[in-house]
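Visitor: Return a 3D structure for these sequence lines:
(one chain, ligands or ions: 1)
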Amino acid sequence: MPRGKLWRGFCAIKELFKKSATQSQPDSVGSEQEPSKRREDSRPRPTRSPKVSVKKQPNPSPNSPSKDLESDPSGLLPPSQSSAPDRGNSGHASNNPRPLGNSFTDTLQHTATIPFSKDSAHNPYLINTGQGQVSQRVDCHIIPVYDGKEPREPHECKVDWVGSNYFPSVDDTALHLLRDSHNVPETTQLYRKSGRCRLINDNTHQVEDSRIVENGRQWAEEIPKMVAAHLYQNIYDKFHLEMRLEYSALSINAVKGERYATTVQKVVNGKLVTNWEDDEYIPHRDLDQIYSEGTIKNLIDTDQSLDKLSLTADERVEFVDKINLNASRLLAICIHIDMPLACLYQLVKKDYKDEDLPLSRKKQHCPCTEYEVKFKNFMKWQAAFVAHIFVNDKGGPKHKLLPDDVILPITYDKKRRSLGKGAFGEVYKIYIHSDHHYFSSYRDAPFALKRFFQYSRTQEDFGKEEKVLSALAEFPHDHITPHLASWTQKGIFYVLFPCAEMNLHEFLRMYPPRDLDTEFVKWLLGQLRGLADGVRHIHNLGPSRLAPEPQSLSPPGLRVQRRRSGYHHDIKPKNILVFAKDKVGDGDTKITDFIFKISDFGAAKINIILSKSGEMSYRSEALSAGDPAYCPPDYNLVGVTSRPYDIWSLGCVFLEVLVWTFDLRGNELVDTFALERVQGSGSRDVVGHSSAFWHRNDRNKIVLKSTVVKRLEQLRTHGEKQVIFKHVVRNIGKMLTIPPSERVTAAEVYNVLDAAYMQAEYDVRKQPDIYQQDMDWYRQVASSPTTVHDGGSRRPSIDQRSFGSFHARENEEPGFPQSRPRSLSSSNHRSGKGKTSLERGISTTNSDLLQLSPVDTQNLPPRQNHSRSPSIISVSHHDDPHATEQRIYDAAHNDLQEPFPPVGSHSDPVGREDFMTLPFLSRRRTGDSQSI
Ligand SMILES: Nc1ncnc2c1ncn2[C@@H]1O[C@H](COP(=O)(O)OP(=O)(O)OP(=O)(O)O)[C@@H](O)[C@H]1O
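Guide: Numbers count the residues shown, from 1 in each chain. Have a look, this model is predicted:
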């Protein structure tokens, strides 16, 4: 869902919310519990002010030192009660209904009568949208965590999701629950280490959203967004929020006869953590907690060296204030190394602050000669107090050059340190201390860290990958692995990613395929569609050929045009990572909980090609070093390679996924398909291409290997009774077109899969087990735009061509694993009457046969010239942010030949709305096949 739309929708609610009449403030958290729950919960209720009003927030527990977090200097907290937006005055729907439209508020109006929560009928806390009501009180489960221990059952209550800041109440409740369940004495200070809010759909039991919510400001910002997003998408589904708050304990108890500074030192030592390089550091939240205002004052008051300075009372107060404000880290280091605070006083006087840490070793910083020896210790320990904090840079991660002595709060995963090695580096499973990153609401989640090898070309290799990742970070995509950070330290390059469960290569070997039930079919098509969209996204990065960059960007005097083309060039199962969706509970992850994401942009390029005007081609200059098995014959055919390269590789991946889906692998332990490709290589094969999907046959022609054609045929047989799969298989055939210029584009692949997905949604709605049964009915409701354009003059798809040619010439290899149709009653047998387009394609006309022939390297067909129909394309310009998102209409000004249609648009003049309404049935009646 577009974020803008969502936000506009949410703003609409707020706007309406403001207009409604006022109503009383809700009681404290849990006040609206159902009676049964109230009875069950016999634990003592947390002591809190009886009315939690927005104006006067309840005081968090006296021991909760989170005042700083609660304060809202940004002013983002909702206004106080007096200025709070008006609420619905009556809690009843308005008698003044407006006609339904498309807006978010209309959607809400539409659902006004739907019980939003069990008690909404009697709920006075309803947001009056003008036409209907939505409850502002939602169910919330509070899970307080202490020492890594969670309660067996969450505490259930109700919270206000819009208009008032409930965070202090939630925090207060969690703290009281903790003290009760863990018997934490009142003298022990509990403080919040992290907070996470998940929105869980009660109907689907899926986690819809998960965000960091650990203070009032984040509550006010994030909770309304989460709830509004849910309402916008699933207004009929009940949901609840789950607040997980993690706490730690701290007590600085003065010991008789011990210096206060020594007591504080001991507390700090107890919190020290060791990182991956055996360096010790103190997590920054612990440090903040220890060095509270009280501790700072006590330390200064009890330091004897300051007495010698004969400070006035005002000077002392000023010193304490400065330390509180911006020098608590400097104080902490001094206390840790037993440095007299008189030295710190001089440092602060010279305007040293925490932000200057770590102090450079090149400069002499010590302000007093008598402390120079001790100051060496200061320099040694300073890094432990300012371990690196990973933050989310605005506009995507920015590469950082970290000084050698900066401590990274990283630890290796004990079980599986290395996730694998690539050509450029090794990938490790690591953890970042939860106080030191904001990358995920799961603070303890693992990450994958790629450490580049050190050799002469490292900088170049890293720079290339980093550049592509940065370009992608500006435009994130659900099916592309994002990078979270990158840095260089001690001459080594690092890139940080979220950690996947495995890669697709491992997944296909580890998981047996499932029956083609509703959930699985939709998941499978969703993943294939997502990957196609990911490739389309990469290909879209950079101005299209139709959009020459402004002339001013070219070097003056040079008739040069700069263009970009994005490509990946190393798509293969090992470079598609499999991530697990966030789930409720600890059960096993189901296949359908996995998400496929493209990764490894080592060979990719958001390429700027400089060429003489008019000399542009759709290709880059040289062959990338992709995996030979998934490499197309392009370079051998035309000596160059570009975006069609990715389509071929993706076609190979899709074929492997479908071979797995229909269990055509033969033997699960050995990759039979890969083995057959090696065995089926022609004598003229280029070394290293033996497991590729193509080869040069005895007549020196580049063709698909017969095992590939055989698999496509087997899949086609399966697809006969499960029509959407027929389309998917045909699509793969088109992706494996030998001449690159005739290969389908990523947009076209996406369209076919999108239509297949829509069709599947329709099919399973009509008959949930449709793909496990022989189909006794079929009505096609969705098809990609290209089908429409086919009309009567469509040319045969590549599967027809390759099947035709291979049937005629290369059907000689025996020993393919027997296909096992799923739940199909020997569907492979068909009479001539029920022939498919594929079969008809085999005995086709002469002109078709011309295209059916495998490609003759010496006699390549001319490149296809696509029509230049009007199209809207988006241009991304990463060197010049001002030019980003420039929209260019029409190709009218473009004098260049367009070898393939602009990505994301169709050369087909028929729009998407039209194709949905076209009479497919009548075409079926005429017996016309529906090749895509
Ligand atoms: N984010 C990640 N989570 C989990 N595993 C990963 C992640 N990124 C990479 N890996 C694994 O680490 C291994 C090495 O990855 P890398 O991208 O460096 O090289 P590669 O793709 O195997 O080889 P090459 O870069 O030479 O093509 C791969 O097996 C990959 O599955």
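Visitor: and the residue in the chain positioned nearest to the ligand, how many neighbours?
Guide: Of all residues in the chain, residue 422 sits closest to the ligand, at 2.1 Å by Cβ to the nearest ligand atom. Backbone N, C-alpha and C define where each C-beta goes, glycine included. Per other Cβ atoms under 10 Å, the neighbour tally for residue 422 reads 15.
Visitor: same question, residue 340
Guide: So residue 340, with other Cβ under 10 Å, has 17 neighbours.
Visitor: circling back to that earlier point, thought residue 601 was touching the residue of the chain closest to the ligand, still the case?
Guide: No: Residue 422 is beyond contact range of residue 601, at 11.3 Å (criterion: Cβ atoms under 8 Å).
Visitor: Helix or strand: which one has the residue nearest to residue 417 when sequence neighbours are not counted?
Guide: Distances taken as Cβ to Cβ, 6 or more residues apart in numbering put residue 428 closest to residue 417, at 5.6 Å, once the chain neighbours are dropped. Assigning secondary structure by DSSP states H and E places residue 428 in strand 425-432.
Visitor: can you list contacts of that strand?
Guide: 276, 390, 409-413, 416-421, 439, 444-453, 493, 499 (Cβ atoms under 8 Å, 6 or more residues apart in numbering).
Visitor: What are the buried residues along that strand?
Guide: For strand 425-432, burial by neighbour count (16 or more other Cβ atoms under 10 Å) applies to 425, 427-432.
Visitor: now stretch 225-240
Guide: 225-232, 238-240.
Visitor: what's across from the residue nearest to residue 417 in the sheet?
Guide: residue 418, residue 449 (DSSP bridges).
Visitor: Assign a three-state SS to residue 673, would you?
Guide: helix (DSSP: H, G, I helix; E, B strand; the rest coil).
Visitor: Find the nearest non-adjacent residue to it, please.
Guide: residue 659 (5.7 Å).
Visitor: confidence score at the one you found?
Guide: pLDDT, residue 659: 90.
Visitor: Spell out which parts of the stretch 551-700 of the chain neighbour the ligand.
Guide: Contact residues (Cβ under 6 Å from any ligand atom) of the stretch 551-700 of the chain with the ligand: 570, 574-575, 577, 599-600, 602.
Visitor: how about TSV for the buried residues of strand 425-432, with pLDDT and distance to the ligand added?
Guide: Below are the buried residues of strand 425-432 laid out as TSV (pLDDT from 0 to 100; distance: Cβ to the nearest ligand atom, whole Å):
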residue	pLDDT	distance to the ligand
425	84	5
427	93	4
428	95	9
429	95	7
430	96	11
431	96	13
432	96	14
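Visitor: picking that back up, reformat the residues of the stretch 551-700 of the chain next to the ligand as JSON lines; add neighbour count, secondary structure and pLDDT.
Guide: As requested, these are exported to JSON lines (neighbours: other Cβ atoms under 10 Å; DSSP: H, G, I helix; E, B strand; the rest coil; pLDDT from 0 to 100):
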{"residue": "570", "neighbour count": "25", "secondary structure": "coil", "pLDDT": "85"}
{"residue": "574", "neighbour count": "17", "secondary structure": "helix", "pLDDT": "92"}
{"residue": "575", "neighbour count": "26", "secondary structure": "helix", "pLDDT": "92"}
{"residue": "577", "neighbour count": "26", "secondary structure": "strand", "pLDDT": "97"}
{"residue": "599", "neighbour count": "25", "secondary structure": "coil", "pLDDT": "90"}
{"residue": "600", "neighbour count": "23", "secondary structure": "coil", "pLDDT": "82"}
{"residue": "602", "neighbour count": "23", "secondary structure": "coil", "pLDDT": "66"}
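Visitor: May I have the helix or strand where residue 221 lies as CSV, with CA atoms only?
Guide: Element membership for residue 221, per DSSP H and E: helix 216-233. The C-alpha trace of helix 216-233 is given here as CSV (Å, rounded to 0.1, in the frame of the first residue of the first chain):
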residue,chain,number,x,y,z
GLY,A,216,6.1,8.5,24.8
ARG,A,217,7.2,10.1,21.6
GLN,A,218,7.5,6.9,19.7
TRP,A,219,4.1,5.8,21.1
ALA,A,220,2.5,9.0,19.7
GLU,A,221,4.3,8.5,16.4
GLU,A,222,4.2,4.8,15.7
ILE,A,223,1.0,3.4,17.3
PRO,A,224,-1.5,5.5,15.2
LYS,A,225,0.5,4.6,12.0
MET,A,226,0.3,0.9,12.8
VAL,A,227,-3.4,0.9,13.6
ALA,A,228,-4.3,3.2,10.7
ALA,A,229,-2.5,0.9,8.4
HIS,A,230,-4.4,-2.1,9.7
LEU,A,231,-7.7,-0.4,9.5
TYR,A,232,-7.0,0.7,5.9
GLN,A,233,-6.2,-2.8,4.8
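Visitor: Which strands or helices does the next helix or strand after it pack on?
Guide: Using DSSP H and E, the helix or strand that follows helix 216-233 in sequence is strand 239-250. In terms of contacts (3 or more Cβ pairs under 8 Å, 6 or more residues apart in numbering; DSSP states H and E), strand 239-250 is packed against strand 137-146, helix 167-182, strand 189-201, helix 216-233, helix 284-290.
Visitor: any idea of the mean pLDDT in the helix ranked longest in the chain?
Guide: When the chain is scanned for its longest helix (criterion: DSSP state H), the result is helix 518-540. Averaged over helix 518-540, pLDDT sits at 91.
Visitor: Return the set of buried residues in that helix.
Guide: So, applying 16+ other Cβ under 10 Å, buried residues of helix 518-540: 518, 520-540.
Visitor: Which residues of the protein lie near the ligand?
Guide: Residues of the chain lying near the ligand (Cβ under 6 Å from any ligand atom): 419-425, 427, 448, 450, 481, 497, 499-500, 503, 570, 574-575, 577, 599-600, 602.
Visitor: What residues does residue 451 make contact with?
Guide: Residue 451 touches 425-428, 492-494, counting by Cβ under 8 Å, 6+ apart.
Visitor: is it true that it lies in a helix?
Guide: No: per three-state DSSP, residue 451 lies outside any helix segment and is strand.
Visitor: What pLDDT is listed against it?
Guide: pLDDT, read off for residue 451, is 91.
Visitor: And for residue 842?
Guide: 28.
Visitor: still on that earlier bit, ok, which of the helices and strands packed on strand 239-250 comes nearest residue 737?
Guide: Of all the helices and strands packed on strand 239-250, helix 216-233 sits nearest to residue 737, with 37.8 Å by Cβ to Cβ.
Visitor: and the gap between residue 139 and residue 172?
Guide: Per Cβ to Cβ, to the nearest Å, residue 139 is found 18 Å from residue 172.
Visitor: Correct me if wrong: the residue nearest to residue 673 contacts residue 715.
Guide: Yes: with contacts counted by Cβ under 8 Å, residue 659 reaches residue 715, the gap being 7.3 Å.
Visitor: Can you add distance to residue 260 and give the buried residues of strand 425-432 back as CSV?
Guide: Below are the buried residues of strand 425-432 laid out as CSV (distance: Cβ to Cβ, whole Å):
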residue, distance to residue 260
425, 49
427, 47
428, 42
429, 42
430, 38
431, 34
432, 33
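Visitor: just the helices in the stretch 601-750 of the chain please.
Guide: Using DSSP state H, counting those that start in this stretch, the helices found in the stretch 601-750 of the chain span residues 634-638, 643-661, 672-679, 706-720, 723-735, 746-766.
Visitor: thinking again about what came up before, let's have the helices and strands packed on strand 239-250 in TSV, adding mean pLDDT.
Guide: Output for these, formatted as TSV (pLDDT from 0 to 100):
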stretch	mean pLDDT
strand 137-146	93
helix 167-182	90
strand 189-201	93
helix 216-233	89
helix 284-290	92
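Visitor: No further questions, thank you.
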